[in-house]
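> Return a 3D structure for these sequence lines:
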Amino acid sequence: MLRKTILILFLFAEIIFSQNLDSLYKEFILRNSIPNIETQFQISESENNKCGFSLAASIRTHLNEFTSDQLQKIEEIFARPEMQKSIVSPSGIFRIHFDTTGVNKPEYDTLDILNNVRIKLDINESVRRLAIAFDSAYTYEVEILGYIAPPKDGTFGGDDKYDIYVTSSAGGYGSTNLDDEIGDNKYISYIKIHNTFTGSFYTKGIEAARVTAAHEFHHAIQVGNYIYRDSDRFYYELTSTSMEEFVFDHVNDYYYYMKSYFNKPSRRFTRFDDGNDGYDVALWNIFLKEKFGSETPNTGDEIIKKSWDLMSEKNQKAIVALQNSLSHFGFSFSDLFNEFGIWLYFTNNRTKENKYFEEASFYPLVKNSTEIFLESSKMPIMLSCEPTSLNYLLIKDNSQGLPDSIFAILSNSDVNGTLTTGNNIDIDFTIETSSFDGSFEIGDNYFAKIVGNNSNYIGHSYIINNELASNYIERTNVDFVYPQPFRYEEFGNICFPTFADESGKSELYIYSADMNLIYNNSLPISVSGKMIVTWNGLDNNMNKLASGVYIYVTKANDKIKKGKFVILK
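Here you go, the predicted model:
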């Protein structure tokens, strides 16, 4: 019965793919045409315009399903370009093919940091820097990380060196094209890379060429000595996009693709449609590398590589191989996937200095799935969690006299559920301000409960007022100013006691000893620990105050606290 079910699912998938052949063909032709104003606009509007690999590989592995006319055009595009000149990279590993005249000639520019202008490179310098970029990708991905280099291609391209073709019709930033199959879903390949990176590209010039070299070369590694499988396209793009950051950390083209995942993390991690394309979840590999980097620097890299070994040697699906790779090193996918959800929360204006993602301040904010007010909500909250999804529930509460925001991060770690459809896990989530039957404690003031079939797959973490619940300190009243006396050369801020207020803000007034108003503003009340507002010591004209005794007044919820404090310069 199980074999019959699998066969039905396989046939269904093949029918769906056949229905998409025409649209795939049209997109393939568009991406690989010499661009004009119209096609540049169409490509720039696409979600998946970064890399042509997945599209080209899907076309290549289904050639026998196209019409003879379509096949003729496809084969013309797959044919290796005839170009006017080539050079060998300094390492002797790559042969770079390019034109010295015409629409395909390389014309990269680079950023002059001192003058903040872009400088155009000549053809020879463009190709030289491109060759060095591919050598750098090889050094890091093969010699440092230990991946198996792509297989030799015989005399294709003139010799057995790996061939790079610089062209205006590269299928996006670039594309890794499957050539002859060498058995067990492995292929020799060659790479096309764009010749200018001007126009609609997010990253320009030689910087774009560098990250494209890192990205596409890992595709060549993947299909050459590991495996190509259409259903795992998300993982091919995830891994290649993360290689951009690992090889050329300073470029950061990957910033531009993560927004779709941050906007809807409740979609399954493994999807390659509806805005999910693999580029947007490259942060997963960056998470693994950075999480283990400080203690065991190579562990994240080894986990990623082991997953590719398992995909090839054990023929495991990517998400299953990833889970098994983590288990091999003694880690739980369930635990780490939920922790990944925490890291995704602390980005942008929520960034914690020296914690979580190194470049978190440049990332977007993750969007919550549901937002409720605790006082008026009808519990429980019913939620349907897709396999390998992250769900962010925002619960707002004013019952403690201050506005509290509680984020519940619920992760579904059921990797096997991604292999078929309709395997969401339905749960009921309840949160209250007092203990109830079957509940567990969150911080000091909240209690929660999760109920549902297979709820053992649901990981959960809680963030209260932008602090992990385990780190959150309940707000308490104080009646003193600190630090006292305040010295500008020693302290960044001075803290004043205040009362609770549902608005989350308190008015602060600073007076001189003769009662002249020096400063006033509405400031946020601290979200954790002491009930205070903080001030940087500058008056309304942004000037430092003279040494002396000053008077403060805070007003919140129509209640006042006041007193004296001292400034010493």
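> Where does pLDDT dip in the chain?
1-19, 34-49, 273-276, 294-295, 421-422 (pLDDT under 70).
> quick one, what contacts the spatially most central residue of the chain?
In the chain, the residue lying closest to the centroid (CA atoms, centre = their mean) is Leu283, at 3.4 Å. By CB atoms under 8 Å, 6 or more residues apart in numbering, the contact list for Leu283 reads Ser242, Met258, Tyr261, Leu344, Phe357, Tyr363. All C-beta atoms are positioned from the backbone trio N, CA, C, and that covers glycine.
> how about a cut-off of 7 Å?
Neighbouring residues of Leu283 by CB atoms under 7 Å, 6 or more residues apart in numbering: Met258.
> repeat for Arg95
Ser86, Val88, Gly157, Gly158, Asp159, Lys161, Asp163 are the contacts of Arg95 under CB under 7 Å, 6+ apart.
> Quick check: which element contains the nearest residue to Tyr519 once chain neighbours are set aside?
Excluding its sequence neighbours, the residue lying closest to Tyr519 (CB to CB, 6 or more residues apart in numbering) is Ile510, at 4.0 Å. Using DSSP states H and E, Ile510 sits in strand 505-511.
> Using CSV, list the CA coordinates for that strand.
Provided in CSV are the C-alpha atoms of strand 505-511 (Å, rounded to 0.1, in the frame of the first residue of the first chain):
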residue,chain,number,x,y,z
LYS,A,505,6.2,56.1,28.0
SER,A,506,6.9,58.6,30.7
GLU,A,507,7.5,62.4,30.6
LEU,A,508,10.9,63.6,31.9
TYR,A,509,11.6,67.2,32.9
ILE,A,510,15.0,68.4,34.0
TYR,A,511,15.3,71.8,35.8
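> so how far is the next helix or strand after that strand off the chain centroid?
For strand 505-511, the following helix or strand on the C-terminal side (DSSP H and E) is strand 517-524. Computed by CA atoms, centre = their mean, to the nearest Å, the chain-centroid distance of strand 517-524 equals 39 Å.
> Could you check strand 517-524 and say which residues are buried?
Buried positions in strand 517-524, judged by neighbour count with 16 or more other CB atoms under 10 Å: Ile518, Tyr519, Leu523.
> For the first one, list the residues it contacts.
By CB under 7 Å, 6+ apart, Ile518 lies in contact with Ile510, Tyr511, Ser512, Asp539, Asn540, Leu545.
> Redo those residues as a markdown table? Include neighbour count.
Formatted as a markdown table, these follow (neighbours: other CB atoms under 10 Å):
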| residue | neighbour count |
| --- | --- |
| Ile510 | 24 |
| Tyr511 | 17 |
| Ser512 | 15 |
| Asp539 | 14 |
| Asn540 | 11 |
| Leu545 | 17 |
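> With distance to Asn471 added, can I get these in CSV?
What follows is the contacts of Ile518, written out as CSV (distance: CB to CB, whole Å):
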residue, distance to Asn471
Ile510, 31
Tyr511, 36
Ser512, 39
Asp539, 34
Asn540, 35
Leu545, 34
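> so which of these comes closest to Thr476?
Ile510 (23.8 Å; CB to CB).
> Which one of the contacts of Arg95 sits in the busiest neighbourhood?
Within the contacts of Arg95, neighbour counts (other CB atoms under 10 Å) peak at Asp163, which reaches 25 neighbours.
> I figured that residue was touching Ile93, is that so?
No: using CB atoms under 7 Å, Asp163 is not in contact with Ile93, being 10.8 Å away.
> can you confirm Pro90 is in a helix?
No: under the criterion used here (DSSP: H, G, I helix; E, B strand; the rest coil), Pro90 is coil, not part of a helix.
> what are the phi and psi values for it?
The phi/psi pair for Pro90 (degrees, to the nearest 10) reads phi -50, psi -30.
> Verify the contact between it and Asp135 for me.
Yes: using CB under 7 Å, Pro90 is in contact with Asp135, at 5.8 Å.
> Could you check which of these two has the larger neighbour count?
Legend: neighbour count by other CB under 10 Å for Pro90 and Asp135, higher for Asp135 (17 against 12).
> Going by secondary structure, that one is in what exactly?
Counting by DSSP H and E, Asp135 is part of helix 123-138.
> Name the residues that touch that helix?
So helix 123-138 is contacted by 87, 89-91, 93-94, 96, 98, 100, 105-108, 121, 164, 206, 209-210, 213-214, 217, 247 (CB under 7 Å, 6+ apart).
> Quick check: buried residues in it?
Applying 16+ other CB under 10 Å to helix 123-138 flags 123, 126-138 as buried.
> ok, then the element right after the top helix by length along the chain?
Secondary structure of the chain per DSSP state H: the longest helix is helix 205-225. Counting by DSSP H and E, the element after helix 205-225 in chain order, helix or strand, is helix 233-247.
> tell me the angle of that next one relative to helix 205-225?
Here helix 233-247 runs at an angle of 130 degrees relative to helix 205-225 (axes from the mean of the first three to the mean of the last three CA atoms, to 10 degrees).
> before we move on, the earlier item: please spell out the PyMOL selection for the buried subset of the contacts of helix 123-138.
Remark: buried members of the contacts of helix 123-138, expressed as a PyMOL selection using 16+ other CB under 10 Å:
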select buried, resi 89+93+94+96+98+105+106+107+108+121+164+206+209+210+213+214+217+247
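> returning to what we had before: look up which residues are beta-bridged to the residue nearest to Tyr519.
Tyr519, Tyr552 (DSSP bridges).
> you'd agree it is up against Asn516?
No: the criterion here is CB under 7 Å, and Ile510 misses it with Asn516 at 9.9 Å.
> contacting residues for the residue nearest to Arg229 when sequence neighbours are not counted?
Closest residue in space to Arg229, ignoring its immediate chain neighbours: Asn185 at 6.5 Å, by CB to CB, 6+ apart. Counting by CB under 7 Å, 6+ apart, Asn185 touches Ile227, Tyr228, Arg229.
> What number of residues are in the vicinity of the last one?
Read it as Arg229. Residues within reach of Arg229, counting by other CB under 10 Å, total 18.
> how far away is it from Trp308?
12 Å (CB to CB, to the nearest Å).
> Make CSV from the contacts of Arg95 and add secondary structure and distance to Ala318 to it.
Formatted as CSV, these follow (DSSP: H, G, I helix; E, B strand; the rest coil; distance: CB to CB, whole Å):
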residue, secondary structure, distance to Ala318
Ser86, strand, 35
Val88, strand, 34
Gly157, helix, 30
Gly158, helix, 35
Asp159, coil, 34
Lys161, coil, 30
Asp163, strand, 27
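> Can you lay out those residues as TSV showing distance to Leu238?
TSV is the format used below for the contacts of Arg95 (distance: CB to CB, whole Å):
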residue	distance to Leu238
Ser86	32
Val88	32
Gly157	29
Gly158	34
Asp159	33
Lys161	28
Asp163	25
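> Need the CA coordinates for the helix or strand where Cys495 lies. CSV is fine.
Per DSSP H and E, Cys495 falls inside strand 494-497. The C-alpha trace of strand 494-497 is given here as CSV (Å, rounded to 0.1, in the frame of the first residue of the first chain):
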residue,chain,number,x,y,z
ILE,A,494,21.5,58.6,33.6
CYS,A,495,18.5,56.7,34.8
PHE,A,496,15.4,58.2,36.5
PRO,A,497,12.6,56.3,38.4
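> So which other helices or strands are in contact with it?
strand 532-535, strand 548-556 (3 or more CB pairs under 7 Å, 6 or more residues apart in numbering; DSSP states H and E).
> Can you give the distance from it to the centre of its chain?
The chain centre lies 38 Å from the centre of strand 494-497; the measure is CA atoms, centre = their mean.
> cool, stretch 553-564 as well?
Remark: stretch 553-564 is offset 44 Å from the chain centroid, using CA atoms, centre = their mean.
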